[in-house]
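Peer 1: starting from these lines, generate the structure:
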Amino acid sequence: MKRYRIFALLLAFAVATPTLLHAQIIKGELFAGANLCQVDGDECYGFKKIGVNAGAGALVPLTKWMDVGLEVMFSQKGAFKRDSITYNSTYPHAYNLKLNYVEVPLMLYFTDKNVASIGVGVSYGRLVGLNELDDGKPSDYEGVSIGTGDGCIHWRNDDPNLPDISKIDDIEELNTIVYHQYPGVTYIPEVVANSNTYRANDFNICADLRFRVWEGLHLEARYQYSLSPLRYRMSYSDPNQLLPSQIRKQYNNTITIRLVYIFNEHRSKANREAMQK
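Peer 2: Below you'll find the model as predicted:
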């Protein structure tokens with residue numbers, strides 16, 4: 001009986017969906033603006049990296065005050081520091097990280113009097129471009145260029161019998177494991193390799209505020225934060241330090257300011273009101 005009930009519900013939904021979509025005309029969106037970015041956990045502080053945020057989307061009205069939005073956009077994130085990130089020293093060149101994503105946010109909007117909207121949702125981003133410069137040179141690790149991967153630290157020796165240290169985020173735990181495996185080691189990087197990759201997938205939590213400026217033109221501010229680390233890094237306080245002081249997990253932290261133009265707003269509203277009569 002449960003199978004028949006589930007089938008009946010799916011059939012009713014399939015029959016009702018065209019009517020609902022006819023009553024609630026889908027609204028199109030175009031948007032363009034800028035990201036103000038930082039990467040938490042990389043010793044660069046402040047939203048100093050500026051990137052492009054542009055794309056298109058669709059809004060599906062659920063009620064007269066609630067919409068579901070799906071977007072596809074190009075979004076640049078990263079971090080910037082006016083001197084080198086290495087040991088917080090002053091060098092003539094800057095640290096500059098650029099992460100290019102194709103991003104797909106799914107948002108739920110609540111609108112008050114067709115003037116202001118509050119949105120909450122989640123976003124999936126796929127890393128399609130990466131450029132990291134430190135002291136004006138491409139960042140690498142022992143000649144290995146920075147790329148995409150698991151973003152974790154690993155043993156230099158790929159021996160499968162060694163304990164897994166990829167997800168360890170406590171430096172004391174790492175030191176204990178290292179000294180147990182290699183009692184004579186005094187310099188951790190001799191046996192542990194720092195991450196030289198960023199994760200290709202980035203899931204974010206999103207919240208935004210949107211105001212109508214004129215007709216279909218809106219001004220929007222959005223905040224996004226990564227739900228999982230982009231990568232793990234061992235951090236040192238000075239170049240002569242033999243032991244890392246901590247393991248840092250890095251997260252995208254982004255504020256977006258953009259203009260949004262919405263199509264079919266009046267048509268969708270008129271069609272809904274006509275169906276309700």
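
Peer 1: show me where the stretch 1-150 of the chain has its strands.
Peer 2: 27-40, 49-63, 66-81, 95-112, 116-134, 137-138, 140-141, 144-145, 147-149 (DSSP state E, counting those that start in this stretch).

Peer 1: redo those strands as a markdown table? Include mean neighbour count, mean pLDDT and distance to N201.
Peer 2: Yep, even glycine has a C-beta here, placed from its N, CA and C like the rest. Compiled in a markdown table, the strands of the stretch 1-150 of the chain are given as follows (neighbours: other C-beta atoms under 10 Å; pLDDT from 0 to 100; distance: least, C-beta to C-beta, whole Å):
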| stretch | mean neighbour count | mean pLDDT | distance to N201 |
| --- | --- | --- | --- |
| strand 27-40 | 19 | 96 | 16 |
| strand 49-63 | 17 | 95 | 18 |
| strand 66-81 | 20 | 95 | 14 |
| strand 95-112 | 19 | 94 | 10 |
| strand 116-134 | 17 | 93 | 6 |
| strand 137-138 | 10 | 68 | 23 |
| strand 140-141 | 13 | 59 | 21 |
| strand 144-145 | 11 | 66 | 20 |
| strand 147-149 | 14 | 90 | 9 |
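
Peer 1: adding distance to C206, write the ones you listed out as a markdown table.
Peer 2: Formatted as a markdown table, the strands of the stretch 1-150 of the chain follow (distance: least, C-beta to C-beta, whole Å):
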| stretch | distance to C206 |
| --- | --- |
| strand 27-40 | 13 |
| strand 49-63 | 12 |
| strand 66-81 | 10 |
| strand 95-112 | 6 |
| strand 116-134 | 5 |
| strand 137-138 | 32 |
| strand 140-141 | 32 |
| strand 144-145 | 31 |
| strand 147-149 | 23 |
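
Peer 1: nearest to Y182, of those strands?
Peer 2: strand 140-141 (20.0 Å; C-beta to C-beta).

Peer 1: ends of stretch 161-173, what's the gap?
Peer 2: Distance across stretch 161-173, first residue to last, is 18 Å (C-alpha to C-alpha, to the nearest Å).

Peer 1: can you name the residues in contact with that stretch?
Peer 2: Taking contacts as C-beta atoms under 8 Å, 6 or more residues apart in numbering, the residues outside stretch 161-173 that touch it are 150, 152-155, 174, 177, 181, 192, 232, 234, 243-247, 249.

Peer 1: go again with 7 Å.
Peer 2: Stretch 161-173 is contacted from outside by 150, 152-155, 174, 177, 181, 192, 232, 244-247, 249, using C-beta atoms under 7 Å, 6 or more residues apart in numbering.

Peer 1: spell out the residue ranges of the helices in the stretch 151-277 of the chain.
Peer 2: Using DSSP state H, counting those that start in this stretch, the helices of the stretch 151-277 of the chain run over 171-181, 265-276.

Peer 1: which of the ones you listed comes out lowest on mean pLDDT?
Peer 2: Across those, helix 265-276 has the smallest mean pLDDT, namely a mean of 51.

Peer 1: quick one, what contacts the closest residue to A116 other than its chain neighbours?
Peer 2: Counting by C-beta to C-beta, 6 or more residues apart in numbering, F211 is the residue found nearest to A116 once chain neighbours are left out, at 5.3 Å. Counting by C-beta under 7 Å, 6+ apart, F211 touches 115-116, 218-219.

Peer 1: V192 is in contact with P244, correct?
Peer 2: No - assessed by C-beta atoms under 7 Å, P244 is found out of contact with V192, at 8.6 Å.

Peer 1: narrow the contacts of stretch 161-173 to those that are buried.
Peer 2: Buried members of these, scored by 16 or more other C-beta atoms under 10 Å, are 152-155, 174, 177, 181, 192, 232, 244, 247, 249.

Peer 1: what's the spacing between the residue nearest to Y124 when sequence neighbours are not counted and Y223?
Peer 2: With C-beta to C-beta, 6+ apart as the criterion, Y124 has its nearest non-adjacent residue at 5.1 Å, and that residue is V104. As for V104, its distance to Y223 is 17 Å (criterion: C-beta to C-beta, to the nearest Å).
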